[in-house]
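Asker: generate coordinates for the sequence data below:
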Amino acid sequence: MSNPEKLADSSRILDAIRAKRERHTATAGDIEALEASLMADIDAFDLNEAERQARREQLASMQGGMGDASLVFPEIVPTGTVRHLEHARKGVDARRDPKRIIDGSNLLGQLRHQAELRQRELHSEMAERSASNNALEHALKKLFFFLHDLVQQLNIVKPAVERQYAAAGDVMFSGLVWQEGFADYRTQSQAKGALVELVTLSYQLVSPGSFSIARDETGIEPLRTTLFDYGLQFTCKEFKNERSYVERAEFQISGQVGVSARWKADFANGLLVLESRNLERLGSVIHTIKPEAIDQEFLDEFGRLLLGLSNRFRELAKR
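Answerer: Numbering: from 1, shown residues only. Next up, the predicted model:
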């Protein structure tokens, strides 16, 4: 309804009210015509359009922000449309299901493939490591059984050992005889597999005599350190001057040489490490040996080495 029409209707209503107040009587026809016009206006009135028009006028009256009256808020969608949107939203949620995302992800597929390859590598490495560890343990067991039997026989026979040991330039051990030997082994903890990881051999050689060496003040400590490193048994008698300073010392060295050989398993590198002291000469030596080198020939040559006989131990140890 336009504004002029509204003004006309309002004017007629006001005229009717004024006539009533002034006790003017309208004809029945005029009253019926007025009622019919009012009812038609009521039937034709569009409430939604009136609401939209009021919103436009309110926006148009605003000075800042969105001043264009044509820019109005979205209308409320029909009920059916809302249901359709809810159904579409459910479809989106289904596509975001974690399992569907994982199954359809190219990145996760690549990672899954890499994980499978890594698992195969780990299984292969574990199998190789297990085989290597078993080879080391097998070699150490052969060493122990051989050495244990060997020292049992040598402890009875007590053979002469054809070897000389030179110490500090003044001492020469010779005429040595096997006195006593002992072989032992050690295993890992149960948590690590209880594999044999160490075989030890120790024995004493005895010379018929002892040695006496004198050193002045400057040579005392170097000789003492050397004898300690060799593991030789000795006593030291110091001579002091009037001011209690040590001027010289006499070392009494017994004719006994202790020999040791420690066979250790290097599981990380798949090797045997032989740490020996006074085996071929006074002092310490380290050899690395592959476990497959430990065969009967190698063991026999190592036994010859212990007795100071001609041997091929170093040659076989490099195989």
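
Asker: use CA for all of it now, contacts and neighbours both
Answerer: Will do.

Asker: now the terminal residues of stretch 208-223, how far apart.
Answerer: Start and end residues of stretch 208-223 are separated by 22 Å (Cα to Cα, to the nearest Å).

Asker: which parts of that stretch are buried?
Answerer: For stretch 208-223, the neighbour count (16 or more other Cα atoms under 10 Å) marks 214, 215, 220, 223 as buried.

Asker: which element is residue 235 on?
Answerer: Using DSSP states H and E, residue 235 maps to strand 234-240.

Asker: so what's residue 273 up against?
Answerer: 262, 263, 264, 265, 266, 286, 287, 288, 289 (Cα atoms under 8 Å, 6 or more residues apart in numbering).

Asker: related to what we said a few turns ago, from the buried residues of stretch 208-223, which land in helices?
Answerer: 220, 223 (DSSP state H).

Asker: quick one, phi psi at residue 281?
Answerer: phi -150, psi 170 (degrees, to the nearest 10).

Asker: excluding its backbone neighbours, what's nearest it?
Answerer: residue 165 (5.9 Å; Cα to Cα, 6 or more residues apart in numbering).

Asker: show the pLDDT at that neighbour.
Answerer: Looking at residue 165, its pLDDT reads 92.

Asker: same thing with residue 62?
Answerer: So, for residue 62, pLDDT stands at 52.

Asker: same question, residue 57
Answerer: According to the predicted model, the pLDDT of residue 57 comes to 67.

Asker: what do you get for residue 122?
Answerer: So, for residue 122, pLDDT stands at 86.

Asker: circling back to that earlier point, ok, then the element right after the strand holding residue 235?
Answerer: Next along from strand 234-240, by DSSP H and E: strand 246-253.

Asker: for the helix or strand just after that following strand, list every residue counted as buried.
Answerer: Downstream of strand 246-253, the next assigned helix or strand under DSSP H and E is strand 256-266. Buried residues in strand 256-266, counted by 16+ other Cα under 10 Å: 256, 257, 258, 259, 260, 261, 262, 263, 264, 265.

Asker: residue contacts, the residue lying closest to residue 241 once chain neighbours are set aside?
Answerer: Closest residue to residue 241 apart from its sequence neighbours, by Cα to Cα, 6+ apart: residue 247 at 6.5 Å. Residues in contact with residue 247, defined by Cα under 8 Å, 6+ apart, are 216, 217, 238, 239, 240, 241.

Asker: one more: residue 306?
Answerer: Counting by Cα under 8 Å, 6+ apart, residue 306 makes contact with 161, 279.

Asker: what is the neighbour count of residue 308?
Answerer: 16 (other Cα atoms under 10 Å).

Asker: how about residue 227?
Answerer: So residue 227, with other Cα under 10 Å, has 19 neighbours.

Asker: I'd like the contacts of residue 247 as JSON lines, with pLDDT appended.
Answerer: Shown next, in JSON lines, are the contacts of residue 247 (pLDDT from 0 to 100):
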{"residue": "216", "pLDDT": "92"}
{"residue": "217", "pLDDT": "90"}
{"residue": "238", "pLDDT": "93"}
{"residue": "239", "pLDDT": "93"}
{"residue": "240", "pLDDT": "91"}
{"residue": "241", "pLDDT": "90"}
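
Asker: roughly how far apart are the residue nearest the centre of the chain and residue 128?
Answerer: Nearest to the mean C-alpha position of the chain, by Cα atoms, centre = their mean, lies residue 122 at 13.9 Å. Distance, residue 122 to residue 128, using Cα to Cα: 10 Å.
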